[in-house]
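Engineer: sequence and predicted structure, then a few things I'm wondering about:
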Amino acid sequence: MIVVSDTSPITYLHQIGRFPLLTSLYGEVVIPPAVERELKQAGLVHEGLDWSVLRVVSPQSSDMVASLCASLDPGESEAIVVASEIQADLLLIDEASGREIARRMGIRLTGLLGVLLEAKRRGIVSALAAELDRLQQVTSFRIRPEVRKEVLRLAEES
C-alpha cells in the first residue's frame, strides 16, 4: 500500500505517542519535501521521530504545486500532487480545503481520525475514546462534538 501524508497527521500522532501506528497500518509513508521541511521546522527531527519509515518523494509538476499553493500551504499542495503522481492508495490530510481538492482529483483520503479509527478496527488501539481525549488534551487538534460522536459510533464505542 502506498500512503502519502501531509504534516498534521504525522505531527499529531507523534505528539500523542502514536506515530508507530503509521507503520503498523501502512508500512512506509511517503512525504514530499515541503512536509519534511515542516516537520523539521516543528522540531520533530530532535524529538525522536522515526524518520526511517518516511520516504521523501518530490512532486514532478511544479506548475500543479504552484497552482494549489494559491489556496493551500506548500505541504498540503505537494502531498496532493505526489499522491496523484504516484497513484497513492491513500492520502493522509486533515485540512478541509485540501481534502476537497484531493476528492475532486479522485484521490482516496483519510485524516488523523481515520487513522485512529482504522487502528481501533484492526485491534491496535483498544479504546478510541481515550485516544481522542488524549489528542484533545495534549495537542491543539480540535474535534467538533458531532464528529467525535460519529467516529465513536463507527468504532462501536457509543
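Structural biologist: Happy to help now that I have it.
Engineer: help me confirm that residue 53 comes into contact with residue 28.
Structural biologist: Yes - between residue 53 and residue 28 there is a contact at 5.8 Å, judged by C-beta atoms under 8 Å. C-betas here are computed from N, CA, C, even on glycine.
Engineer: just list the residues touching residue 155, thanks.
Structural biologist: By C-beta atoms under 8 Å, 6 or more residues apart in numbering, the residues touching residue 155 are 117, 120-121, 128.
Engineer: typo on my end, it should be residue 152
Structural biologist: Here residue 152 is in contact with 128-129, 132, 158 (C-beta under 8 Å, 6+ apart).
Engineer: how near is it to residue 121?
Structural biologist: Distance, residue 152 to residue 121, by C-beta to C-beta, to the nearest Å: 13 Å.
Engineer: cool, residue 148 as well?
Structural biologist: Taking C-beta to C-beta, one finds residue 148 at 17 Å from residue 121.
Engineer: what do you get for residue 96?
Structural biologist: From residue 96 to residue 121 the distance is 24 Å (C-beta to C-beta).
Engineer: who has more neighbours, the two?
Structural biologist: residue 121 (14 against 9; other C-beta atoms under 10 Å).
Engineer: can you give me phi and psi for that one?
Structural biologist: phi -60, psi -30 (degrees, to the nearest 10).
Engineer: who are the contact partners of it?
Structural biologist: Contacts of residue 121 (C-beta under 8 Å, 6+ apart): residue 155.
Engineer: can you tell me the helix or strand for the nearest residue to residue 109 once chain neighbours are set aside?
Structural biologist: Spatially, and ignoring its direct neighbours in sequence, residue 109 is nearest to residue 91 (4.3 Å; C-beta to C-beta, 6 or more residues apart in numbering). Applying DSSP states H and E as the criterion places residue 91 in strand 90-92.
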